[in-house]
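Asks: the following block contains a protein sequence and its predicted model.
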Amino acid sequence: MAVPKKKMSRSRRDRRRAHEALGKMNLVPCPTCRALMRPHAICPTCGNYRGVKYLQVEDANAKK
């Protein structure tokens, strides 16, 4: 069985993992309401995707 002969230092381990960090999320403006949203997803603000209404979104201020 393969077992390391020496303990790997923290710096060497972390250098190997340096490329695994998450990048920034890409946001695009919604073509309907111009709110920022993730690409290829339903807009959380208006509920539209590619000009078609998929979700009925309630206004947060309407409940008060």
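Replies: Happy to help now that I have it. Given the structure is predicted, the values throughout are model-derived calculations rather than measurements.
Asks: now the helices for this structure?
Replies: 10-16 (DSSP state H).
Asks: what segments of it are strands?
Replies: 28-29, 36-37, 48-49, 52-53 (DSSP state E).
Asks: make a markdown table out of those strands and add mean neighbour count, distance to residue 16 and mean pLDDT.
Replies: C-beta: built from backbone N, CA, C; applies to glycine. Formatted as a markdown table, the strands of the chain follow (neighbours: other C-beta atoms under 10 Å; distance: least, C-beta to C-beta, whole Å; pLDDT from 0 to 100):
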| stretch | mean neighbour count | distance to residue 16 | mean pLDDT |
| --- | --- | --- | --- |
| strand 28-29 | 12 | 33 | 96 |
| strand 36-37 | 16 | 34 | 96 |
| strand 48-49 | 18 | 40 | 94 |
| strand 52-53 | 10 | 45 | 92 |
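Asks: can you lay out the ones you listed as TSV showing distance to residue 18?
Replies: Shown next, in TSV, are these (distance: least, C-beta to C-beta, whole Å):
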stretch	distance to residue 18
strand 28-29	28
strand 36-37	29
strand 48-49	36
strand 52-53	42
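Asks: which one of the ones you listed lies nearest to residue 10?
Replies: strand 36-37 (37.7 Å; C-beta to C-beta).
Asks: which residue packs closest to the residue nearest to the spatial centre of the chain, ignoring adjacent ones?
Replies: For the chain, the residue nearest the mean C-alpha position is residue 25 (4.9 Å; C-alpha atoms, centre = their mean). Spatial nearest neighbour of residue 25, chain neighbours left out: residue 38 (6.8 Å); criterion: C-beta to C-beta, 6 or more residues apart in numbering.
Asks: ok, that neighbour to residue 49 distance?
Replies: Look at residue 38 and residue 49: by C-beta to C-beta, to the nearest Å, they are 11 Å apart.
Asks: for residue 57, same thing?
Replies: Taking C-beta to C-beta, one finds residue 57 at 12 Å from residue 49.
Asks: isn't residue 44 right next to residue 30, touching?
Replies: No: the pair residue 44 and residue 30 does not pass the contact test of C-beta atoms under 8 Å, sitting 9.1 Å apart.
Asks: overlap in contacts, these two.
Replies: Common neighbours of residue 44 and residue 30, using C-beta atoms under 8 Å, 6 or more residues apart in numbering, are residue 37.
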